[in-house]
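1. would you be able to build a 3D model of this:
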Amino acid sequence: MTTTPTDRKYATSHEWLAGDGKVGITDHAQDQLGDVVYVELPEVGREVEKGEAVAVVESVKTASDIYAPASGKIVAVNEELSGSPELVNSAPYEGGWLFQIEVTEEGELLDAAAYDAQAH
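-> Residues are numbered from 1 along each chain as shown. From the prediction side, this is the model:
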């Protein structure tokens, strides 16, 4: 099992937000989804509100909305996922990031210990 990194913040909906604005899903979330086969990413330049569905991750089991953990503007997406969606499974905290947001308002997010306590 992957240890939840302490260098980022977490939403109760299982997304993480790194200091550089990168967003992904947690190891717990990717484990629940199963093998990821497709990722639908948001458009660069899109303004999003915290809690808004902005991406979709499809696995062999289900499709799941991914929510913005903060308000702001999408400034980048992980282009590698179009050819290698399995990165969401194999490297959820590194190469499997989904999009990058220029945060205007963060709101309440959890630290790693609080996320682990509510996720399991």
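2. can you pull the contacts of the residue minimising distance to the centre of the chain?
-> Central residue of the chain (Cα atoms, centre = their mean): Gly24, 2.2 Å from the mean position. By Cβ atoms under 8 Å, 6 or more residues apart in numbering, Gly24 lies in contact with Glu15, Trp16, Val88, Pro92, Tyr93, Gly96, Trp97, Leu98. Heads up, the C-betas are built off the backbone N, CA and C, glycines and all.
3. can you check Thr6 too?
-> Asp111, Ala112, Ala113.
4. quick one: it and Ala18, what's the gap?
-> Separation of Thr6 from Ala18 (Cβ to Cβ, to the nearest Å): 11 Å.
5. quick one on the thing from earlier: now restrict the contacts of Thr6 to buried residues only.
-> Buried members of the contacts of Thr6, scored by 16 or more other Cβ atoms under 10 Å, are Ala112.
6. so how far is stretch 70-79 off the chain centroid?
-> Distance of stretch 70-79 from the chain centroid (Cα atoms, centre = their mean, to the nearest Å) equals 11 Å.
7. next one: stretch 5-21
-> Using Cα atoms, centre = their mean, the offset of stretch 5-21 from its chain centre is 8 Å.
8. buried sites along that stretch?
-> Arg8, Lys9, Tyr10, Ala11, Ser13, His14, Glu15, Trp16, Leu17, Gly21.
9. surely Lys22 meets Gln100?
-> Yes - with contact defined as Cβ atoms under 8 Å, Lys22 reaches Gln100; the gap is 5.0 Å.
10. so where's the protein shaky on pLDDT?
-> 1-2 (pLDDT under 70).
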